[in-house]
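*Asks:* how does the following fold in three dimensions:
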Amino acid sequence: QVQLVESGGGLVQAGGSLRLSCAASGRTFSRYSMGWFRQAPGKEREFVAAISWSGDSTYYADSVKGRFTISRDNAKNTVYLQMNNLKPEDAAVYSCAAASRSWVYPSRDPTAFGSWGQGTQVTVSS
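*Replies:* Coordinates of the predicted model:
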């Protein structure tokens, strides 16, 4: 099992930027793909972005493509989500997740992720 702790959320005006971080501990971070998901009040959890264990492959939801960038630093056991040009519809609780199996390219399906952080709130004012 891996423990995940997100940080970096907050209140930002539309058009602004935030950088989320997710620090991992408890197992070999560099073997596992990582993902970011978000959930707004009254809505289902949705996929945002994912990155392979080595960082050589990244995937994005169409709604954030071109605005968000996922990256990772395996030396620091941390995955990041750089969010630019934020829109009010991006407001949600953002959670990072670690894939259940090692050496597997990431999925957009949350059931493929076995460990989750507690989430960090992102609020975007218009």
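*Asks:* ok, Lys87 to Ser115 distance?
*Replies:* From Lys87 across to Ser115, the span is 29 Å (C-beta to C-beta, to the nearest Å). To be clear about C-beta, it is placed using only N, CA and C from the backbone, and glycine gets the same treatment.
*Asks:* so Phe37 touches Lys43, yeah?
*Replies:* No - judged on C-beta atoms under 8 Å, Phe37 makes no contact with Lys43 at a distance of 11.6 Å.
*Asks:* distance of the residue nearest the centre of the chain from Leu86?
*Replies:* Among the residues of the chain, the one closest to the centroid is Trp36, at 2.2 Å (C-alpha atoms, centre = their mean). From Trp36 across to Leu86, the span is 14 Å (C-beta to C-beta).
*Asks:* one more: Ser17?
*Replies:* Applying C-beta to C-beta to Ser17 and Leu86 gives a distance of 7 Å.
*Asks:* who has more neighbours out of those two?
*Replies:* Using other C-beta atoms under 10 Å as the criterion, Ser17 and Leu86 rank with Leu86 on top: 22 against 12.
*Asks:* work out for me the element the nearest residue to that one once chain neighbours are set aside sits within.
*Replies:* Ranked by C-beta to C-beta, 6 or more residues apart in numbering and with sequence neighbours excluded, the top spatial neighbour of Leu86 is Val124, at 4.8 Å. Using DSSP states H and E, Val124 falls within strand 120-125.
*Asks:* pLDDT averaged over that strand - what is it?
*Replies:* For strand 120-125, the mean per-residue pLDDT is 98.
*Asks:* could I get the buried residue list for that strand?
*Replies:* Thr120, Val122, Val124 (16 or more other C-beta atoms under 10 Å).
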